[in-house]
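**Q** return atomic coordinates for the entry below.
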Amino acid sequence: MRTLKNLLLFTFITLGLYAFNTAVQEDWVVPEKYKAMENPTDVEDDENIEIGEELYMKHCKSCHGKEGLGDGPKAEEQTGELGDFSSEEFQAQSDGALFYKTTIGRDDMPNYDKKMPDDEDRWLIVNYMRILGE
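**A** Residues are numbered from 1 along each chain as shown. I've put the predicted structure just below:
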């Protein structure tokens, strides 16, 4: 009987921690230094947009979808919210915040600073994600 009580207590605590952890992770906190970062690339340059699109299609489309709606072929395998890049909420984020999320990742979103070591490439993807909001 005591073992059963301990098992139930353990299960209750584990489920509670899981629920708390899930609720806490819904907010993706971006450090202030990243929020304030200026995009060093020319966001008006057509060539930059084309390169950003190519990189997006190679690295992001499989989960986020061709139009950034979170409906890529691998989207159903993901447990987190993939977001809608065309939404006002998404587009309201600073370029630096998007750069941080693209670089650092979290949960199902991989860290791209090793897969794509050139910072400029990640900035160009940010530029392309801006196009998806138009």
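**Q** where do the helices of this protein begin and end?
**A** With DSSP state H as the criterion, the chain has helices at 2-25, 32-35, 46-59, 61-64, 88-91, 95-104, 119-131.
**Q** burial count for His59?
**A** 18 (other CB atoms under 10 Å). To be clear about C-beta, it is placed using only N, CA and C from the backbone, and glycine gets the same treatment.
**Q** measure it to Glu44 for me?
**A** Using CB to CB, to the nearest Å, we find His59 at a distance of 23 Å from Glu44.
**Q** among the helices of the chain, show the one with the smallest mean pLDDT.
**A** Note on the helices of the chain: lowest mean pLDDT is at helix 2-25, with a mean of 52.
**Q** backbone phi and psi for the residue nearest to Ala97 when sequence neighbours are not counted, please?
**A** Leaving aside its chain neighbours, Ala97 sits nearest to Val30 (4.4 Å; criterion: CB to CB, 6 or more residues apart in numbering). Main-chain torsions, Val30, degrees, to the nearest 10: phi -110, psi 130.
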